[in-house]
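Enquirer: Just the structure for this:
(chains A, B, C and D)
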2 protein chains.
Amino acid sequence: MVSMKDIAQRCSVSIATVSKALNGHQDIGESTRQLVIETAKEMGYTANSAARALKTNRTYNLGLVFVDLQNSGFMHEYFASTLTHFRIEAERQGYDISFLNNRVGPQNQTYLQHARYRGVDGVAIICADFKDPMIQELAYSNLPIVTLDHAFHNRMAVLSDNLEGMAVLLHYVYGKGHRRIAYIRGNDTAVTENRMTGFFRACEELGLHIPDEYLEQCEYHEPRSCYIATKRLLALPERPTCILFSDDYSYIGGVNAITEAGLRIPDDISVVGYDGIHMAKMVSPKLTTWEQNAAELGRTAAARLIDRIENPRTSLPEHLIIHGRLLEGESVKQL
Amino acid sequence: MVSMKDIAQRCSVSIATVSKALNGHQDIGESTRQLVIETAKEMGYTANSAARALKTNRTYNLGLVFVDLQNSGFMHEYFASTLTHFRIEAERQGYDISFLNNRVGPQNQTYLQHARYRGVDGVAIICADFKDPMIQELAYSNLPIVTLDHAFHNRMAVLSDNLEGMAVLLHYVYGKGHRRIAYIRGNDTAVTENRMTGFFRACEELGLHIPDEYLEQCEYHEPRSCYIATKRLLALPERPTCILFSDDYSYIGGVNAITEAGLRIPDDISVVGYDGIHMAKMVSPKLTTWEQNAAELGRTAAARLIDRIENPRTSLPEHLIIHGRLLEGESVKQL
DNA sequence: TGGAGTTGCGAAAACGTTTAAGTAAGCAAT
DNA sequence: ATTGCTTACTTAAACGTTTTCGCAACTCCA
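Expert: Predicted coordinates:
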């Protein structure tokens, strides 16, 4: 590998001069700068990020926590899209991303240790178990950090408007004349909590009472578990006229249960999803759902994290909410 | 940050001794080793990967090319699964992964330059435009490399059995009595080429003639373009009894065209997908498709790449084929 | 007792960069 | 001619490791 030393020799200048010329410092003459840059190109010089990092304590690397128990995180469009746009924004600003894990090699280590080992400039927790002590340790370390869809106190967070989204959906189906409305919520996370809050707040606003048996639970992105929950709802003596599913993906399981029961959407029963994944627009009937702005979430998370890295004193740790929108399909019938 | 220097001082030994103790060298006494390790733990020592990389020229970092034009790569389950399992296997062996791109910061650079800058130990090209000169440059550099679903001469490659898969599918629908079989192929890539070869080879074996108008083309993973292609097929004077779609995801578009035409699957027309994504098992009727072993592809790619890195002389660049299997659903009718 | 071999550790250089501090030369103003 | 300022460059230390070589001290055996 050709290094600054080689360029320095060829140009008969010092290594320092080469460094400064290449990095655009002002105390280098125009002709020398040109010579150095030309020679570097000719010789096929590439900087060595390890040496630079060692000296400057900056890696231009962002650590990403992106795990889930089923290792299916990548597979869900919401997370996939978030991740993709996080990456694009980071790269646009000259940052690379590295996954953080707790199992490098034989000996285990915490996410924080991994982050320190790689010397990342900051960390984004996109997809993780936020109750995990290791995640807490990371979140409250002295590293610049941003979390997605979970807010730690005094830490930067980018959040989807789960409360609002859920409330709008409920208002929407209420407006379509539905009163017997069931809701299948997902796992016990901050996201679910917010959606529940939005749901009940809207109920209150509308003076709507939801019987306990209309409240079901399933695993997010698990059609199977949603299938089972839906079956229970359909077996009720007084069947709901509308079901709000935990998410679009689970909807596949729900629709199976409905079809099996010989019912048709939306004629016999109305359904609503959550997420706005690509598929929602393609199935027939088109799914009415709340489209989360995953791209904007990812982009914003990257932008804010980098801002906190580069302007540690002016940049403050806010809790930022990214708004989604109602995606009106054909899965809710006007009663 | 606490460094080896600090540990050395505290233990009254040299830095060299600390390094050797921590790295398990044999010329360190048992008692000193224990002392050093204990002290390191107490002081919260973390190694500095940049310094290590600088000295050893090894980063334990694998570069990943994972791009597509629509930036939807992550979103497709096949690639997502491949990536996930690549990552898991890499991490199991103590390697981290970094994405390679051609747009770090303001000035553009090639993938190879990026790889050199970060000093990755090897590169996997999982998702890319293989005709891109930058990709070729990377593939034929002196870095250990593995490609997925594309074979460069004398370079390690892990391939899905596209030829076999397609042939088996054709034999399957033929066995079900279908003769008027249409095939909507995807973009012009090595993958498509192999599937076409498999298709025509099977035709030959079966003595089956496929009229030109039964061969359509669409974009992979683009329901919209598949919708259009399917519409064309349905409008033919002699409609096919069975359509082989480019992939499971496009199937969503195809099924829309079919539904719009007032036809039912599989009673009026049979369909077959390709990929075996999760959704294929959940839709009704269940989709008959070829399940690619994405997990095994990712895992194998990582394992072979690392093998080539660690045993450069014994490890040879093979073209390895990973087999999938027929996933029999209910979307093909027995004629 | 002397030599050879072994064991345990340290000194120092090296990896490729960045940067503070220093310097020499040129120039302008006095 | 002196001073001071600017410009363009160099020197050298430092970042945190790894590793080669050297060197004592000890052990073993004749």
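Enquirer: Next one: residue A:174 from residue A:240, what distance?
Expert: Distance, residue A:174 to residue A:240, by C-beta to C-beta, to the nearest Å: 13 Å. All C-beta atoms are positioned from the backbone trio N, CA, C, and that covers glycine.
Enquirer: shared neighbours, these two?
Expert: Common contact partners of residue A:174 and residue A:240 (C-beta atoms under 8 Å, 6 or more residues apart in numbering or on different chains): residue A:181.
Enquirer: Which one of these two is surrounded by more residues?
Expert: Set residue A:174 next to residue A:240 and count neighbours by other C-beta atoms under 10 Å in any protein chain shown: residue A:240 wins out with 22 against 17.
Enquirer: How many residues are close by whatever residue of the stretch 201-335 of chain A ends up closest to DNA strand C?
Expert: Closest approach between the stretch 201-335 of chain A and DNA strand C, counting by C-beta to the nearest atom of the strand: residue A:310, at 14.0 Å. Using other C-beta under 10 Å, residue A:310 has 14 neighbouring residues.
Enquirer: Now do the phi/psi pair for it.
Expert: Residue A:310 adopts backbone torsions of phi -90, psi -20, taken as degrees, to the nearest 10.
Enquirer: list the contacts for it?
Expert: For residue A:310, no contacting residues are found, by C-beta under 8 Å, 6+ apart.
Enquirer: so what pLDDT did it get?
Expert: On pLDDT, residue A:310 comes in at 95.
Enquirer: Roughly how far does residue A:321 sit from residue A:65?
Expert: Per C-beta to C-beta, residue A:321 is found 21 Å from residue A:65.
Enquirer: Go ahead and confirm residue A:68 touches residue A:127.
Expert: Yes. Residue A:68 lies in contact with residue A:127 (C-beta atoms under 8 Å); the separation is 5.6 Å.
Enquirer: where do the strands sit along the stretch 51-200 of chain A?
Expert: Taking DSSP state E, counting those that start in this stretch, the strands of the stretch 51-200 of chain A run over residues A:61-66, A:96-100, A:122-127, A:145-148, A:156-160, A:181-185.
Enquirer: picking that back up, between residue A:321 and residue A:65, point out the one with more neighbours.
Expert: The residue with more neighbours, out of residue A:321 and residue A:65 and counting by other C-beta under 10 Å, is residue A:65; that gives 27 against 15.
Enquirer: And that one, how far from chain B?
Expert: Per C-beta to the nearest C-beta, to the nearest Å, residue A:65 is found 13 Å from chain B.
Enquirer: Report whether the expected contact of that residue with residue A:129 is present.
Expert: No. The pair residue A:65 / residue A:129 is not scored as a contact, 9.8 Å apart, by C-beta under 8 Å.
Enquirer: between these two, what contacts are shared?
Expert: By the contact definition C-beta under 8 Å, 6+ apart, residue A:65 and residue A:129 are jointly contacted by residue A:135.
Enquirer: Would you list the phi and psi of the closest residue to residue A:291 other than its chain neighbours?
Expert: Among residues not flanking residue A:291 along the chain, residue A:276 sits closest, at 2.7 Å (C-beta to C-beta, 6 or more residues apart in numbering or on different chains). Main-chain torsions, residue A:276, degrees, to the nearest 10: phi 80, psi 40.
Enquirer: looking at chain A, which helix or strand is least sure?
Expert: Least confident element among the helices and strands of chain A, by mean pLDDT, DSSP states H and E: helix A:278-282 (a mean of 80).
Enquirer: ok, residue A:123 - contacts?
Expert: The contact partners of residue A:123, taken as C-beta under 8 Å, 6+ apart, are A:62-65, A:100, A:111, A:115, A:138, A:143-146, A:305.
Enquirer: and the residues you listed as a markdown table, adding distance to residue A:94 and pLDDT?
Expert: A markdown table is the format used below for these (distance: C-beta to C-beta, whole Å; pLDDT from 0 to 100):
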| residue | distance to residue A:94 | pLDDT |
| --- | --- | --- |
| A:62 | 11 | 98 |
| A:63 | 16 | 97 |
| A:64 | 16 | 96 |
| A:65 | 21 | 95 |
| A:100 | 20 | 94 |
| A:111 | 24 | 96 |
| A:115 | 19 | 97 |
| A:138 | 24 | 97 |
| A:143 | 19 | 97 |
| A:144 | 16 | 97 |
| A:145 | 19 | 97 |
| A:146 | 18 | 98 |
| A:305 | 13 | 97 |
